[in-house]
Structures are given as structure tokens and as C-alpha cells.
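J.: make a model of this:
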Amino acid sequence: MWSEQDYERPRGIVFIVADDLGFGDLGALNFGVSRTPSLDNLAREGVVLSQHYSGAPVCAPSRAALLTGRYALRTGAVDTIEAYGHDRISLRERTLGDVFRMSGWTTGYFGKWHNGAFDVRYHPRNRGFEEFVGFLGGWQDYYDYRLDNGTALERSDGSYLTDRITQEAIEFVRRHSRDKFLLCVMYNAPHYPLQAPSVVTRRYLERGLARGVATIYAMVEEMDRGIGQILDCLESLGLLDDTLVVFTSDNGPQLGGTGEWSTDRFNCGWSGQKGSVLEGGIRVPALVRWPGGVEAGRVCHEMVHFCDWLPTLCEISGVSLGDGALIDGVSVATQLLGREKVLEYPERYWQWNRFLPVWGCNAAIRAGDWKLVVPAIASFLEISPEDRLVDEQTKIGTRGFVHRAFEERVVDRVEPVLYNIAQDPQERREVSSEYPARVASMLGLLERWFVSMQVEGFGMSPS
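T.: As a prediction, this is how the structure comes out:
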């Protein structure tokens with residue numbers, strides 16, 4: 001195991017999360033179609049995680065898993081509509097911010113929250129983060145935005161939202177350059193609305209890309225530029241080599257659309273997209289740079305899940321997890337440091353649909369090289385025009401919290417499908433008929449997991 005005799009602890013942690021970004025949005029992986037020099041440098045100077053999985057295929061539950069080290073269905077954060085409170089992390093949960101703050105670290109969070117918008121008890125300042133500037137819901141306009149600074153709402157100053165988040169992060173680092181600090185930088189990019197500086201977008205349009213894809217790559221390039229500025233700030237203060245930097249995305253890319261606003265683009269051949277438990281919805285890039293402990297230029301092919309980051313960062317930093325609820329994640333510090341493998345990595349689970357989680361829809365289990373998927377029921381992943389209007393009005397500040405009780409729904413069982421991810425990472429060959437015993441075993445594990453999530457997350461009696 002990793003020990004303090006091996007390496008000095010990091011003085012700072014910078015955890016950067018993009019929104020709806022896939023493997024294929026990085027220039028190093030899409031043959032240079034997009035321009036991401038800062039992220040490409042992170043990959044060269046650190047370790048690349050090739051089998052890194054988000055906590056869920058959509059924003060709020062995925063972020064809940066990251067912040068708590070627990071499956072989102074345990075935490076109550078199961079969907080994205082903050083107007084209904086479905087994005088809230090239960091008050092019984094402790095967060096990454098809570099754990100590090102209790103150990104004397106200064107904690108800051110800048111950008112997108114999306115884990116509780118309309119009750120001050122769910123505010124980041126009350127969930128372990130001493131400093132916060134950002135927006136509490138799922139997205140904001142990139143120019144006409146409103147930001148919460150912990151005491152009041154600020155209207156946009158005319159700057160580009162990505163640049164504003166970058167600047168807030170840099171100022172935090174400068175204020176706390178002598179402290180141990182945990183800095184979470186949560187960009188909106190490249191999430192809807194598709195907006196980017198025209199001069200950047202134009203370069204991609206001139207290469208013949210659809211306007212939707214051109215705008216997304218421009219949004220990613222602007223975020224990459226901001227990440228470079230944060231790294232430059234750390235270097236100017238003599239902190240870069242003592243700071244653990246992580247970059248990832250909350251879920252896979254949102255693809256689709258037609259005509260010039262199509263967002264269909266390269267994503268390394270993964271099947272599925274945002275909203276799906278297929279690889280394209282949950283397998284996301286992760287880059288880790290820390291010269292004090294991480295060997296440059298290495299690729300880690302072992303599986304890592306969003307739930308693993310809380311215990312991993314605690315082990316590397318010497319921060320105690322303390323007493324609390326069961327942590328689903330395991331520390332992967334030794335994998336990151338290239339020291340040894342976890343002898344037996346646990347099964348990992350995913351499930352998502354709109355509103356109350358439904359068994360038999362859009363669920364998956366990964367056990368070793370094997371992945372079992374219960375396919376999605378399209379209607380259970382859709383949002384009605386009325387609900388969409390409520391969500392949009394929330395974002396622009398014309399509507400507040402709307403109580404909507406969960407309604408239990410039952411669906412007919414959908415036949416599961418089985419893939420060997422080691423041999424078939426793009427999920428092209430379904431092999432359930434060849435391994436019926438494995439299908440039955442994995443399906444049983446998945447169903448038991450789902451029932452336990454219902455009991456803990458929603459107090460529902462197992463049927």
C-alpha cells in the first residue's frame with residue numbers, strides 16, 4: 001500500500017470536472033480535430049485512466065457519487081430537475097468538502113453545483129465548501145448568467161461563463177497559496193446552451209464541421225485555455241509540483257440533433273451517449289497529474305469509478321474519512337501511483353431514469369471484464385414539455401421550487417444483454433446466449449443492489 005515514506009503528501013488538490021465531455025473531445029484522442037493543449041499536456045505529464053467511469057449517465061446523480069463516495073441512489077440525488085428537488089444530496093450524507101474541511105483544509109467550489117438549488121441547507125457553503133461562486137442548478141447561459149456567491153446572486157458582468165469560473169478558481173489559489181487547499185473547478189462546458197466566442201468557433205467552421213460540433217469544440221478549447229491558466233497560476237506560486245490535479249467529465253457526450261446544429265461527433269467508438277449506461281454514457285476520460293507521486297506518461301488500464309475518488313484523495317492526502325455511512329468507493333491510490341493492484345476490485349453498478357428509479361430500465365453491472373446491461377425504456381428517459389418548461393424557467397430565475405412527489409412505476413422485464421468489455425469495449429457483440437449462468441448471476445446481483453438502493457435512498461420496503 002501507499003505510505004508516507006514513499007512520497008510527501010500533496011499540499012493542494014485541484015479537481016476539475018467538465019460537463020458532457022467525452023473521450024473524443026480531447027485533441028490527443030480525436031487526431032487533433034479539437035485543440036486541447038493543456039489537457040494534452042496533463043496526459044503527457046501524468047497518468048491517463050483508460051477505464052474510468054462516472055457515477056451515472058447524467059449530471060446530478062453522477063456528481064453526488066463523486067462528492068459522497070456512494071452510489072447516487074443511496075444519496076437521494078437521482079435526477080436532474082432541481083425545481084423538483086430530485087438533484088439533492090440527502091442532508092444525512094457527508095461530502096468531499098466536509099471530510100477535507102474537518103481535517104483543516106481550505107475548501108473551495110466554483111462553477112456548477114446541481115446537488116440542491118432551493119434550500120439553503122443544500123447550498124455548497126453548508127456542504128463542506130467554505131468558498132463558493134457558481135450556479136446551483138443544471139446549467140446557465142454562458143453570457144447572461146446569474147451566479148451565487150454564498151450571500152447574493154450576481155448578474156453577469158459580460159464575461160464568458162467559462163472564463164469567469166477560471167478566474168474565481170485562480171483567485172482562490174492566490175488567496176490560499178500558503179494553506180492546504182481542496183479546489184473543485186466545475187465547468188459548464190460543453191453542456192447546453194451551445195455558446196462560444198465566435199472567433200474560436202469560426203476556426204472549426206472553416207474546417208467544414210457542423211455548427212453544433214464546431215461550437216462544442218470551441219467551448220472545450222476555451223475550457224482548456226482556462227485550465228492552462230490555472231496550472232500557470234500554480235506554477236507561478238511554486239505550487240504546481242506539490243498539487244494533485246485531476247481532470248474528468250461528469251458523463252458522456254450528448255449526441256444528436258439535425259442539420260447544422262447536430263452534435264454527433266467522434267467518441268472513440270463507444271456505444272451510447274449521455275443518459276445511457278452503455279460505455280458512451282458512463283465511460284469518461286480522467287487525467288491525473290502529480291509529480292510527487294504519479295509517473296508521467298503512464299496509462300492505467302485498471303477500472304476506477306467516481307465513488308473511488310473520495311477514499312483515494314483521502315488516502316493520498318492523509319485525511320481521515322472519519323465515521324459515517326458506508327462508502328461504496330475504494331481507494332485506488334496504489335493504481336494511480338503504479339505501485340500495486342487492488343487484489344479484488346468490487347462490482348460496479350449504474351441505473352438511471354427520469355423521476356423515481358425503476359427496476360428493469362437502463363441499468364448495468366460491471367464485474368471484472370464482464371458487463372451486463374438491462375436496456376433503457378425510451379419513454380422513461382424522456383421529459384415532458386411541461387417538465388422541460390419548469391426546468392428552463394428555473395434556470396433563468398422565473399420559477400422556484402415546485403414540490404413533485406415521486407410516483408412508483410412498474411415495467412415489464414426487459415431482456416438483459418452481456419458484453420465482454422476487455423474483448424469488446426465498443427459493445428458490438430452481445431453474448432448473453434453463450435453464457436446463461438453468468439447472465440443469471442449478474443442479473444441477481446444487479447437486482448439485489450437496486451433493491452438495497454431503494455431501501456436506503458427512499459425508505460421503500462423490498463417487494
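J.: give me the below-cutoff pLDDT ranges for this protein.
T.: 1-7, 340-343, 459-463 (pLDDT under 70).
J.: show me where it has helices.
T.: Residue ranges of the helices in the chain, as given by DSSP state H, are 37-45, 59-68, 72-75, 96-102, 161-175, 198-205, 211-236, 279-282, 309-317, 333-336, 378-381, 385-395, 436-458.
J.: what helices or strands is the third one leaning on?
T.: Read it as helix 72-75. When contacts are defined as 3 or more Cβ pairs under 8 Å, 6 or more residues apart in numbering; DSSP states H and E, helix 72-75 packs onto helix 59-68, helix 436-458. (Each C-beta comes from the backbone N, C-alpha and C, glycine too.)
J.: over to the first one?
T.: The elements that helix 37-45 packs onto, with contact taken as 3+ Cβ pairs under 8 Å, 6+ apart, are helix 211-236, strand 243-249, strand 286-289.
J.: just the buried residues of the shortest one, please?
T.: Okay, so that is strand 286-289. Neighbour-count burial for strand 286-289, with 16 or more other Cβ atoms under 10 Å as criterion, is recorded at 286, 287, 288, 289.
J.: can you check stretch 154-162 too?
T.: Here stretch 154-162 shows 156, 160, 161, 162 as buried, counting by 16+ other Cβ under 10 Å.
J.: distance to residue 327 for those - can I get that in a markdown table?
T.: Formatted as a markdown table, the entries for the buried residues of stretch 154-162 read as follows, by distance: Cβ to Cβ, whole Å:
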| residue | distance to residue 327 |
| --- | --- |
| 156 | 38 |
| 160 | 37 |
| 161 | 33 |
| 162 | 32 |
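J.: returning to that earlier point: quick one: closest of the helices of the chain to residue 419.
T.: Nearest to residue 419, of all the helices of the chain, is helix 279-282, at 8.7 Å by Cβ to Cβ.
J.: mind listing residues that contact the closest one?
T.: Residues outside helix 279-282 that contact it (Cβ atoms under 8 Å, 6 or more residues apart in numbering): 22, 53-54, 56-57, 251-253, 255, 267, 270-276, 350, 364, 421, 425-427.
J.: partners of residue 146 in the sheet?
T.: Beta-bridge pairing of residue 146, defined through DSSP bridges, involves residue 155.
J.: surely it touches residue 136?
T.: No. With contacts defined as Cβ atoms under 8 Å, residue 146 does not count as touching residue 136, sitting 9.7 Å away.
J.: which of the two has more neighbours?
T.: residue 136 (23 against 16; other Cβ atoms under 10 Å).
J.: leaving out chain neighbours, which residue sits closest to residue 295?
T.: residue 338 (5.3 Å; Cβ to Cβ, 6 or more residues apart in numbering).
J.: list phi and psi for the one you found.
T.: Dihedral pair for residue 338: phi 70, psi 30, per degrees, to the nearest 10.
J.: that one and residue 301: what is the separation?
T.: From residue 338 across to residue 301, the span is 12 Å (Cβ to Cβ, to the nearest Å).
J.: what do you get for residue 373?
T.: Using Cβ to Cβ, we find residue 373 at a distance of 21 Å from residue 301.
J.: who's more crowded, these two?
T.: residue 373 (27 against 10).
J.: separation between that one and residue 57?
T.: From residue 373 to residue 57 the distance is 12 Å (Cβ to Cβ).
J.: need the residues touching each of those two.
T.: Jointly contacting residue 373 and residue 57 under the rule Cβ under 8 Å, 6+ apart are residue 277.
J.: save the helices and strands packed on helix 37-45 as JSON lines, and put in distance to residue 324 too.
T.: Converted to JSON lines, the helices and strands packed on helix 37-45 look like this (distance: least, Cβ to Cβ, whole Å):
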{"stretch": "helix 211-236", "distance to residue 324": "30"}
{"stretch": "strand 243-249", "distance to residue 324": "22"}
{"stretch": "strand 286-289", "distance to residue 324": "25"}
